[in-house]
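A.B. asks: got a sequence here, can you model it:
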Amino acid sequence: MKRRLLTLGVASLAMAAAHAAPKPGDWPTYGRDPGGMRYSPLTQIAPDNVARLKVSWTYHMRPAGAAEAAAALPANPETMGGGGGFRRTGFAASEASPLVIDGVMYLPTPYGRVVALDADTGRELWAYKMEGRDQPSTRGVEYWPGTDGAAPEILFGTRSGKLIALDAKTGKPVSGFGTNGIVDMKTPEVMNGASHAPLGMSSPPIVYRNLVITGSRVQEMPTKGARGDVRAWDARTGKLVWTFHSVPLPGEVGHESWEGNSWQQRSGVNVWTFLVVDEKRGILYMPFGAPTFDRWGGDRKGANLFSDSIVAVDAATGKYLWHFQTVHHDIWDLDLPSATLVEVKRDGRTIPAIAVMNKTSILFLLDRVTGKPLYDVTEVPVPTDTDIPGEAPWPTQPMPAAPPPLTRLSFKMSDLNDLTPDIKARCEQIVKDMNIVESRMFQPLRADSAVASFPGSLGGTDWGGGAFDPKLGYYIVNTNALASPEQLSQQADGSWNMKLSYVYFWDQAKRIPCQKPPWGELIAVDVNSGKIAWRQTLGQTDSLPEGMRDTGRPSAGGPIVTASGLTFIGATDDNRIRAFDTRTGKLLWSFDLPASIYGMPVTYRGKSGRQYLATVDTGGFAGAPVNSDAVLAFSVP
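C.D. replies: Residues are numbered from 1 along each chain as shown. Next comes the predicted model:
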């Protein structure tokens, strides 16, 4: 069946027309190109002048009089790691990365608005205000260039499950799209018999030809809720064109991976990060997350496709081509948040490939046409010991021969942080108070103790993902080493839930992790060899004594790369943005910010001809204060 569907898909792909590459000075989609490489051909900002970067302009996202409204906003569970708890400052957190097309910047704000700015000056050109307390998708918007006389559009999802199309020139809703520019994505099929379940979007959709393709944000618990299906809509009318069922229905590929009726009304298994497209071949790649509930699988025995899988489909029709599952029967909330199209050079030929990672930071390099691993993958035995009745941990998990895991995946008490006697004593007390025990890779959770799970709720790699330099063949990614002490407790109905949820293994007051550093790194993987080209600590702990601060820091958000040989990244909780030499990993520039960046920077050329580096800077990650509303653009004077 798989072979027959692949043949049908390839026949359809042959009809896909090649699309023009983005204009060199633009950043027209989240990853700059539909494959998510985050690679800019611009070279005006270069290693020999990057140290001269200065702020060119600042735009403040918070409208006048919005302080009280922002302070009243609920915490964003994704931004905050699920538990909220940031200090209210009248500002609201953002993970957004802007788009820039023909000298105009477009971005969502955390104040219920989508805005267009002059990309050379930061002057506001238009603003679209959403109704009520709805919010645009957290991480960005998408651009459709228009066709057959239709004007270009800015497309985005919302927290409440709306898909909105705005005229890119005016910011007004597109009258022919849905109802006055709005489509209600909460269709009966996707709501799955749970009409009041949450469904929205936290990441931007992606455009392919005249389709706007959407993932979704759904619940992580309880089990029953909205489906995580991926859907394609007509960019001109908003009409639904195709649906891919993320939890396969009877008769569909993968349905047998759910024991009994455990597939019914199952939520999760959604693309909450970024879809990517090979436009030349007409293939859409969907990185799916974990099923509900994501820490206990006693009610869903089986491998649970297509959770934690990269699935390739015909972008025009949604027809299945192939899949690769990175975690079987996920009981750790490992998701599959990162997918990037890359090229691997081997034996004199170039192989079109895709790099995918779940939150373990285990990197799989696959042939993007067939799904076959480019480096051997074996099923390695993993721990199955658990005191949770009815749980059936999968006995093996896939592991590539190369590259090696990019961050820590286990913990022993001998790893406890002993940078200073005071830190060691506090961490020993945390171990005692929370009853924390050692862990191995893919250690199942328990009821009698808190497992020090690495990489933890934050993920070794999360939605920030990586960037690819095609000249060097380097895949650049930031990683975390911050455990979560995770423990289950039984509910009245016999199911299991988290006793400890979105808690980190650190001294929370001082934000000092309780294992030895490094706590955050920037890593370059040579995809042509599968080897680590370089690794660099990313971030510093300013509260530590001089000489101990080069520890690396937890990060969220990702890097970008440029043709001049630079890698830019914010992401860390030390309120800095940095530039590294992509070839060597050498730090070339660092700039102190009002707050930490938890989106991704972008680079573009304005109508002035000047190259800029721009970022949204609010703070607000993992309990940190939200103390800014700034969009900053840097350039070389």
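
A.B. asks: any idea how far stretch 323-337 is from the middle of the chain?
C.D. replies: On the basis of C-alpha atoms, centre = their mean, to the nearest Å, stretch 323-337 sits 14 Å off its chain's mean C-alpha point.

A.B. asks: and that stretch, what's its mean pLDDT?
C.D. replies: Taken as a whole, stretch 323-337 has an average pLDDT of 97.

A.B. asks: output it as CSV - backbone C-alpha positions only.
C.D. replies: In CSV, the C-alpha atoms belonging to stretch 323-337 read as follows (Å, rounded to 0.1, in the frame of the first residue of the first chain):
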residue,chain,number,x,y,z
HIS,A,323,6.5,8.6,7.4
PHE,A,324,9.3,8.1,9.9
GLN,A,325,8.6,7.9,13.6
THR,A,326,11.3,9.2,15.9
VAL,A,327,9.7,8.0,19.2
HIS,A,328,7.4,5.0,19.6
HIS,A,329,4.6,5.3,22.2
ASP,A,330,5.7,8.7,23.5
ILE,A,331,5.2,8.9,27.3
TRP,A,332,7.7,11.9,27.8
ASP,A,333,6.0,14.7,25.7
LEU,A,334,9.0,14.6,23.3
ASP,A,335,7.0,15.8,20.2
LEU,A,336,8.8,16.4,16.9
PRO,A,337,9.1,20.2,16.9
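
A.B. asks: all helices of this protein, in order?
C.D. replies: Along the chain, counting by DSSP state H, helices occupy 2-13, 67-72, 188-191, 421-434.

A.B. asks: just checking, Val253 touches Tyr320?
C.D. replies: Yes: assessed by C-beta atoms under 8 Å, Val253 is found in contact with Tyr320 at 5.5 Å. To be clear about C-beta, it is placed using only N, CA and C from the backbone, and glycine gets the same treatment.

A.B. asks: the two - which one has more neighbours?
C.D. replies: Tyr320 (23 against 17; other C-beta atoms under 10 Å).

A.B. asks: so the more buried one sits against Val311, correct?
C.D. replies: Yes: between Tyr320 and Val311 there is a contact at 7.2 Å, judged by C-beta under 8 Å.

A.B. asks: what do these two both touch?
C.D. replies: Phe244 (C-beta atoms under 8 Å, 6 or more residues apart in numbering).

A.B. asks: thinking again about what came up before, where among the helices of the chain is the average confidence lowest?
C.D. replies: helix 2-13 (a mean of 42).

A.B. asks: next, work out how far apart the residue lying closest to Val174 once chain neighbours are set aside and Thr384 are.
C.D. replies: Take Val174 and drop its neighbours on the chain: the residue closest to it by C-beta to C-beta, 6 or more residues apart in numbering is Ala165, 4.2 Å away. When distance is defined by C-beta to C-beta, to the nearest Å, Ala165 is 49 Å away from Thr384.

A.B. asks: compare these two (neighbour count), which wins?
C.D. replies: Ala165 (27 against 14).

A.B. asks: the more buried one is in contact with Ser175, isn't it?
C.D. replies: No: Ala165 lies out of contact with Ser175 (C-beta under 8 Å); the separation is 9.5 Å.

A.B. asks: run through the stretch 251-400 of the chain and note the low-pLDDT ranges.
C.D. replies: For the stretch 251-400 of the chain, no stretch is flagged by pLDDT under 70.

A.B. asks: return the per-residue confidence for Arg87.
C.D. replies: Reading off the model, Arg87 has pLDDT 41.

A.B. asks: now do Lys499
C.D. replies: 89.

A.B. asks: measure Ile423 to Gly547 for me?
C.D. replies: Taking C-beta to C-beta, one finds Ile423 at 15 Å from Gly547.

A.B. asks: look at the two and report which has more neighbours.
C.D. replies: Between Ile423 and Gly547, counted using other C-beta under 10 Å, Ile423 has the larger neighbour count: 19 against 6.

A.B. asks: excluding chain neighbours, what is closest to the more buried one?
C.D. replies: Per C-beta to C-beta, 6+ apart, closest to Ile423 is Asn417, 5.4 Å.

A.B. asks: okay, now the one you found: neighbour count?
C.D. replies: Neighbour tally, Asn417, other C-beta under 10 Å: 21.

A.B. asks: ditto for Gly200
C.D. replies: Other residues close to Gly200 by other C-beta under 10 Å number 21.

A.B. asks: thought it was touching Leu163?
C.D. replies: No: the pair Gly200 and Leu163 does not pass the contact test of C-beta under 8 Å, sitting 10.2 Å apart.

A.B. asks: before we move on, back to that, overlap in contacts, Ala165 and Ser175.
C.D. replies: Contacts common to Ala165 and Ser175, judged by C-beta under 8 Å, 6+ apart, are Gly181.

A.B. asks: burial count for the residue nearest to Thr461 when sequence neighbours are not counted?
C.D. replies: Spatial nearest neighbour of Thr461, chain neighbours left out: Ser361 (4.5 Å); criterion: C-beta to C-beta, 6+ apart. By other C-beta under 10 Å, 27 other residues sit near Ser361.

A.B. asks: can you tell me how far Ser361 sits from Asp469?
C.D. replies: In terms of C-beta to C-beta, Ser361 sits 19 Å off from Asp469.

A.B. asks: now Pro337
C.D. replies: For Pro337 relative to Asp469 (C-beta to C-beta), the value is 21 Å.

A.B. asks: spatially central residue in this protein, please.
C.D. replies: Trp463 (1.6 Å; C-alpha atoms, centre = their mean).

A.B. asks: surely it and Arg139 touch.
C.D. replies: Yes: if you go by C-beta under 8 Å, Trp463 and Arg139 touch, sitting 7.4 Å apart.

A.B. asks: what sits in contact with each of the two?
C.D. replies: Joint contacts of Trp463 and Arg139 (C-beta under 8 Å, 6+ apart) are 95, 203.

A.B. asks: need the pLDDT of Met1.
C.D. replies: Looking at Met1, the pLDDT reads 40.

A.B. asks: if we can go back for a sec, and the residue nearest to Val174, how close does it get to Asn575?
C.D. replies: Counting by C-beta to C-beta, the gap from Ala165 to Asn575 is 36 Å.

A.B. asks: kind regards, and thank you for your time.
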